[in-house]
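[1] I'd like to go over a predicted model; first the sequence, then the structure.
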Amino acid sequence: MIPFALLTSALLSGTALAGSVYINGVRADLLPELTVTNATVRFDGQGNVWIDAPGYRVQVVQPAEYSSAASPVPSPAPSSSSERVGAGAWWLVTEDNASAGHTIEVVVNGTLVRRIASGEPQLILDIGPFLRSGSNTVVVSALAGPMPSGGPLSVYVGRGNNLSGTIRLDNPDVAYTRRASDGGNGGGGRHYTLTVP
């Protein structure tokens, strides 16, 4: 296993670091040597490194230094093994059709899972670590921002199958779409219930 600090150093050596490192949505450019297991790493067009690491919590300890950073997105606290939902069954998937100006928040059982903005790469996130057996609450909200334009930005949540790297959601429990005609004033959160066996 390669420690996280060494992995990012190796990936970024020889190039100018234009972006930042985020773990579970929290800007984390200055890290001690750290090993992260069971994580998904993605890179966006601005050179940012996004690490989705369920079960890890990252906090900014010097907020003045990162006052311009986006608000942190907390990780779920590890649940007991009797409540835990298996990986690879429940997914959050985004679809951006050249939208601009939208920001959407997804909250599962009171935990902010992700903020999704127009223009970001498609997100495919296993949300099993945020769920528990039985009834789960998902709240999807549009945040106020600039006047949106372009096509719609959609968020889907549901049970799906991983077919050789392609996630298939046959009948998503959550289908939330924002269009330019919805305006930039945000919107009240829509509440959904997921029943997990």
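    That came in fine, so what should we check first?
[2] show me what the residue nearest to V174 when sequence neighbours are not counted bridges to in the sheet.
    What sits nearest to V174 in space, not counting adjacent residues and going by CB to CB, 6 or more residues apart in numbering, is V157, at 3.7 Å. Where C-beta positions appear, they are placed from N, C-alpha and C, glycine not excepted. Assessed by DSSP bridges, V157 has beta-bridge partners L92, V174.
[3] same deal with A142?
    On DSSP bridges, the residues paired with A142 through beta bridges are I104.
[4] am I right that it is in contact with G183?
    No. No contact is recorded between A142 and G183 when judged using CB atoms under 8 Å, the distance being 9.3 Å.
[5] comparing the two, which shows the higher neighbour count?
    Neighbour tally, A142 and G183, criterion other CB atoms under 10 Å: the higher count belongs to A142, 24 against 15.
[6] how close does the more buried one get to G186?
    In this structure, A142 and G186 are 5 Å apart, going by CB to CB, to the nearest Å.
[7] go on, F130?
    Distance of F130 to G186, given as CB to CB: 23 Å.
[8] the more surrounded of these two?
    F130 (25 against 17).
[9] in this structure the more buried one contacts G110, no?
    No. F130 lies out of contact with G110 (CB under 8 Å); the separation is 9.8 Å.
[10] tell me the domain ranges of this protein?
    As assigned by automatic domain parsing, the chain contains the domains 4-66, 90-196.
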